[in-house]
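**Q** requesting a structural model of the entry that follows:
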Amino acid sequence: MKILKPRAAVGRFVVGGLDDVPYPSVDADRPNALLGRCPVAGQTPLVSSPELSALARVARVSVKDERGRMGLGSFKALGAAYVIARDAEEGGARGQTYVTASAGNHGLSVAAGAAAFGAEAVIYLAASVPAEFASRLEEIGATVVRHGESYEDSMAGAMEAAAKNGWILLSDSSWAGYTARPYTLMEGYLVMMREATTQIDAPPTHIYLQAGVGGLAAACAVFARKIWGDAPKIVVVEPEAAPALFASVAAGSPQATTGPVSHMGRLDCKEPSLIALKGLARDATAFATISEDEGAAGRDACAPIGLASSSSGAAGIAGLLASGPHRDALGLDEQSHVLVILSEQEG
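**A** Take a look at the predicted model:
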């Protein structure tokens, strides 16, 4: 595990080139109201895990368990489906075609939202995305297109298709000139942390948040700061094979990274969402990268205690368990109370 903290003289991370990029929204009221009308909506549980507390050598680990979110198996259900619901509320979803690239779960949310509101979904997948994700997408009614070897390749294909066919591009990432829809999408993720802040009986001292492009981490971080201020230490965890946020805050500007394919597949994103990067540069206490073995160890620790997930879904937990050599730097001790997100089901 490697960690990055801001220089003491600055006290926070400074990333340039983002003046035209908005900070993440902190308004959870609209997504909470809109998603609350969905027949399969409902709070996901927050559970305390004494087993993880013992492994991490902390007083308490609280786990926000997103595996059952709206029947789609991950927190991503809160994102794209919310954007499409907003479009439908404004009379602009029926008959539209939404296109995106996905490592799996985001595509499921696009497909489910499209099916619910009379729209079509076309999902571009890289060769590395497992066949079972493609099958699940097709069962919901989406058209699946295999394109390229990486997430970035599949996104390029989705962007080209959107421009060529007049389809609506609905990405869970953001870049220069493309921020409106991902801004709204990340607003949907606020529901998850809003629930957690009402379910937890005491503010955590630490929050560990896994990141791919950074949408989950940024949304959770900004709402945690709204409710708890500067008190919790927020640690953002990425695969060392895809350190898009880590590299960007280290360089002080957005970076496109390279590396091998990570087994933490839903986090294997080589470029950050600019909205997420801007928010996390302000709101995170530290950035960390974990190895493939450390990611697998987090997954394996969860399986026998009723929290079975993928290496991606358990990556925040993996980051916590790998923090041993950095306990002093991160302020972890036997009195710490750590909040983590179990972001997807096993598989």
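**Q** check which residues of the lowest-mean-pLDDT helix or strand in the chain are buried.
**A** Using mean pLDDT, DSSP states H and E, helix 29-35 stands out as the lowest-scoring helix or strand of the chain, at a mean of 87. Of all the residues in helix 29-35, those buried under the rule 16 or more other C-beta atoms under 10 Å are Arg30, Pro31, Asn32, Leu34, Leu35. Bear in mind the C-beta positions are built from the backbone N, C-alpha and C, glycine included.
**Q** next: stretch 109-123.
**A** Within stretch 109-123, the residues that count as buried by 16+ other C-beta under 10 Å are 109-117, 119-123.
**Q** mind putting those residues into JSON lines with pLDDT and distance to Asp153?
**A** Listed next are those as JSON lines, based on pLDDT from 0 to 100; distance: C-beta to C-beta, whole Å:
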{"residue": "Ser109", "pLDDT": "88", "distance to Asp153": "21"}
{"residue": "Val110", "pLDDT": "94", "distance to Asp153": "18"}
{"residue": "Ala111", "pLDDT": "92", "distance to Asp153": "20"}
{"residue": "Ala112", "pLDDT": "88", "distance to Asp153": "24"}
{"residue": "Gly113", "pLDDT": "89", "distance to Asp153": "24"}
{"residue": "Ala114", "pLDDT": "93", "distance to Asp153": "23"}
{"residue": "Ala115", "pLDDT": "90", "distance to Asp153": "26"}
{"residue": "Ala116", "pLDDT": "86", "distance to Asp153": "29"}
{"residue": "Phe117", "pLDDT": "89", "distance to Asp153": "29"}
{"residue": "Ala119", "pLDDT": "95", "distance to Asp153": "25"}
{"residue": "Glu120", "pLDDT": "97", "distance to Asp153": "22"}
{"residue": "Ala121", "pLDDT": "97", "distance to Asp153": "19"}
{"residue": "Val122", "pLDDT": "98", "distance to Asp153": "16"}
{"residue": "Ile123", "pLDDT": "97", "distance to Asp153": "14"}
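**Q** could I get these as a markdown table with secondary structure and distance to Val235?
**A** Listed next are the buried residues of stretch 109-123 as a markdown table, based on DSSP: H, G, I helix; E, B strand; the rest coil; distance: C-beta to C-beta, whole Å:
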| residue | secondary structure | distance to Val235 |
| --- | --- | --- |
| Ser109 | helix | 26 |
| Val110 | helix | 29 |
| Ala111 | helix | 32 |
| Ala112 | helix | 31 |
| Gly113 | helix | 31 |
| Ala114 | helix | 35 |
| Ala115 | helix | 37 |
| Ala116 | helix | 35 |
| Phe117 | coil | 37 |
| Ala119 | coil | 38 |
| Glu120 | strand | 39 |
| Ala121 | strand | 34 |
| Val122 | strand | 36 |
| Ile123 | strand | 31 |
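**Q** if anything else comes up later, I'll come back, but that's it for now.
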